[in-house]
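> Pasted the sequence and its predicted model underneath.
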Amino acid sequence: MENATTTDSTSLEAPNNVNTSAPVAKKRTSKWVVVGAPVLAVALLAYGYHAGYLQKITGKTTAAVTAYLPGADKPAGTQVKLTLAREAFAAGNINAAIDAYHAFINDNPGDITAHGELGNVYYSAGATVEAARVYFEAASLAIEKGDLDTAEALMPVISEGSPMLANQLSDKLFSAHAKAADQRTAELDRQFEADKQKFDQQMQQSAPQLAQPQVPQSK
């Protein structure tokens, strides 16, 4: 999946105009806490970094953000690649961060968070087209796993870099929502049939008692 991103990263540099006074934005759950900024606010809505990794980027940004750490059960060697990627980005080494994220994703193509963090790196360097491609991959993975909220949260930044991919994502989301609605309808139908059968059984069990003649009690 990651083969779609083929941009030469040698010209990418760390951002110099990040406003640290922007308010803190939180996702729906406490797993994601990010720091908003003009360059990063949208891109970081769904993906943060482990506390301490995004400490300083070219002396312009200082922040500690908490993230959902992917792959805690992955082999140590694989996890090291993700750590190196985060440390490279925190140090402002965009090219090294991109290379390290690609290495990790090659070993873990289904890791949504790693895709999202790689998108952050591209986005923070102003490479919105490349960021859109990686975010699209993250959104597609999220849809496959039933996390439609995350996919929808990435729509604005994907649209910014690639309206075509945004249209494709919109189609995927429409299909996913339709499928989810069909599944809910089918589940309601199954529940209705189960309740109806239970009611019919109860009525059948009580029918003999109701059919028995009432014997008048002697005075």
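Thanks, I have the structure now.

> okay, CA-based contacts and neighbour counts for the rest of this
OK.

> Who are the packing partners of the host helix or strand of Ile105?
For Ile105, the element it lies in under DSSP states H and E is helix 94-107. Other helices and strands packing on helix 94-107, by 3 or more Cα pairs under 8 Å, 6 or more residues apart in numbering; DSSP states H and E, are helix 76-90, helix 112-124.

> Just the strands from the chain, written as ranges.
Using DSSP state E, the strands found in the chain span residues 24-26, 33-35.

> what is the rounded mean pLDDT of the first one?
This means strand 24-26. Averaging pLDDT along strand 24-26 yields 28.

> What of the last one?
Mean pLDDT, computed over strand 33-35, is 27.

> same check, this time on stretch 114-134
92.

> what angle sits between the helix holding Ile105 and helix 76-90?
150 degrees (axes from the mean of the first three to the mean of the last three Cα atoms, to 10 degrees).

> Buried ones in helix 94-107, by neighbour count?
Applying a neighbour-count criterion of 16 or more other Cα atoms under 10 Å, one finds 94-105 buried in helix 94-107.

> For Leu188, give its distance to Glu87.
From Leu188 across to Glu87, the span is 49 Å (Cα to Cα, to the nearest Å).

> who has more neighbours, these two?
Set side by side, Leu188 and Glu87 show more neighbours around Glu87, with 19 against 12, by other Cα atoms under 10 Å.

> now for the buried residues of helix 94-107, which pair is the farthest apart?
Ile94 and Ile105 (16.3 Å; Cα to Cα).

> I'd say Leu82 and Asn106 touch.
No - here Leu82 does not reach Asn106: they are 11.4 Å apart, not a contact under Cα atoms under 8 Å.

> For the protein, just list every one of the helices.
Counting by DSSP state H, the chain has helices at residues 76-90, 94-107, 112-124, 128-144, 148-153, 155-161, 163-211.

> which helices and strands does the third one pack with?
When you say that, I think you mean helix 112-124. Here helix 112-124 touches helix 94-107, helix 128-144, going by 3+ Cα pairs under 8 Å, 6+ apart.

> Using JSON lines, please lay out the ones you listed together with distance to Gln204.
Output for the helices and strands packed on helix 112-124, formatted as JSON lines (distance: least, Cα to Cα, whole Å):
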{"stretch": "helix 94-107", "distance to Gln204": "60"}
{"stretch": "helix 128-144", "distance to Gln204": "45"}
